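okay, predicted coordinates and the sequence, questions at the end:
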Amino acid sequence: MLYRNLRMKKPSTVIVASSHVSAGAVGGRVSGFVLESLGFRVVAVPTVLLSWHPGVGPSTRVVPDRFADVLVDLAGAPWLADVAAVLSGYLGEPDQAAAVASLVGAVRLANPDTVYVCDPVIGDIGGLYVPAATAHAIRERLVPLADVITPNVAELAWLSSRASGPTDIGAARTAATALGVRETVVTSLSAGTGRTGAAVFSAPESRIASHPELPGETRGAGDLFAARYLAARLAGDDTPVALRCAAAATFAFVTAAQASDDGALPLAGNAALLSGGLEDVALAEPR
């Protein structure tokens, strides 16, 4: 079992390196909400500061010029051995990948059981939405270090150097295997007529969790999925259970977002949704 020694120490610390928006529910705001709601202590390091998600409209973008220095400080923290996991998401510039890699190395020296989850936030069906240099840095520096990666179909295709996204479960398994990561969890997979889902490819077991397809795209859903999957694994759940919990929570929040006025993930007052939606999710072996 991947996290055999990490059954919910109190507190369990997770370092999150991801984007921060002043308004909205994406990036580190979502990851922090999920993990703290489920009992983890979060140490948040913004990779970029934005007024709001750029998809909402023009936004000031600030990349911290001493990001690496902050991670050096954390690498020397006296509580480093209490870090259960490091989660990285959207990066503001290519050099941040090397700083994250150094931090992961330092944390693993202090606690060899620390888990590193890389959510490679680099693009979608329309292509990369980060500079190519940033995507390359994530693929070359961070993916090889990861215990778990959580790409969507388009990101999996790019990371595995395939021209287009996997069109079926078999192709996704082949692409995931090529990356050599212990656990690859692929989101936004087609799971049959009117259904979508996520699949985990790992040894010795693989599963796909599917639910009714919802129209449109909800910003922050991938951040929520990755954090919920990590939380379940740290709590001792095996990969199928963690996959189902993450898919169910994401489905519950996206359903609620589509009913809201602004379409954003409704975080405030809705922590209970992190354990909801299981009745809507079917778990099966990929074929």
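All right, it came through fine. Numbering: from 1, shown residues only.

give the contact list for Asp262.
Listed by CB atoms under 8 Å, 6 or more residues apart in numbering, Asp262 has no contact partners. From N, CA and C alone the C-beta is placed, and that goes for glycine too.

got a pLDDT number for it?
We have a pLDDT of 82 for Asp262.

am I right that it is in a strand?
No - the assignment for Asp262 by DSSP: H, G, I helix; E, B strand; the rest coil gives coil, which leaves it out of any strand.

how close does it sit to Thr218?
11 Å (CB to CB, to the nearest Å).

just Ala176 next, same as before
Counting by CB to CB - Ala176 and Thr218 are separated by 24 Å.

which one of the two has more residues nearby?
The residue with more neighbours, out of Ala176 and Thr218, is Ala176; 25 against 21, by other CB atoms under 10 Å.

can you tell me the helix or strand for the more buried one?
Using DSSP states H and E, Ala176 sits in helix 169-179.

only the buried residues of that helix, if you could.
Ile169, Ala171, Ala172, Arg173, Ala175, Ala176, Leu179 (16 or more other CB atoms under 10 Å).

report the two of the residues you listed separated the most.
The widest separation within those, taken as CB to CB, falls between Ile169 and Leu179 and amounts to 16.0 Å.

now do the helices in the protein.
Using DSSP state H, the helices assigned to the chain run over residues 27-37, 67-75, 95-110, 132-137, 153-159, 169-179, 221-234, 239-258.

same for the shortest one, what does it pack against?
Packed against helix 132-137, as judged by 3 or more CB pairs under 8 Å, 6 or more residues apart in numbering; DSSP states H and E, are the following elements: helix 95-110.

pull the helix it packs on out as PDB, backbone CA atoms only.
Output of helix 95-110 as PDB, limited to C-alpha atoms (Å, rounded to 0.1, in the frame of the first residue of the first chain):
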ATOM      1  CA  ASP A  95      12.000  27.900 -12.900                       C
ATOM      2  CA  GLN A  96       9.500  27.100 -10.200                       C
ATOM      3  CA  ALA A  97       9.600  23.400 -11.200                       C
ATOM      4  CA  ALA A  98      13.200  23.100 -10.000                       C
ATOM      5  CA  ALA A  99      12.300  24.800  -6.700                       C
ATOM      6  CA  VAL A 100       9.500  22.400  -6.100                       C
ATOM      7  CA  ALA A 101      11.700  19.500  -7.000                       C
ATOM      8  CA  SER A 102      14.300  20.600  -4.400                       C
ATOM      9  CA  LEU A 103      11.600  21.000  -1.800                       C
ATOM     10  CA  VAL A 104      10.300  17.500  -2.500                       C
ATOM     11  CA  GLY A 105      13.800  16.100  -2.100                       C
ATOM     12  CA  ALA A 106      14.300  17.900   1.300                       C
ATOM     13  CA  VAL A 107      10.900  16.700   2.600                       C
ATOM     14  CA  ARG A 108      11.600  13.100   1.600                       C
ATOM     15  CA  LEU A 109      15.000  13.300   3.500                       C
ATOM     16  CA  ALA A 110      13.100  14.300   6.600                       C
END
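
orientation of that helix relative to helix 67-75 in degrees?
Orientation note: helix 95-110 sits at an angle of 10 degrees relative to helix 67-75 (axes from the mean of the first three to the mean of the last three CA atoms, to 10 degrees).

nothing else from me, thank you.
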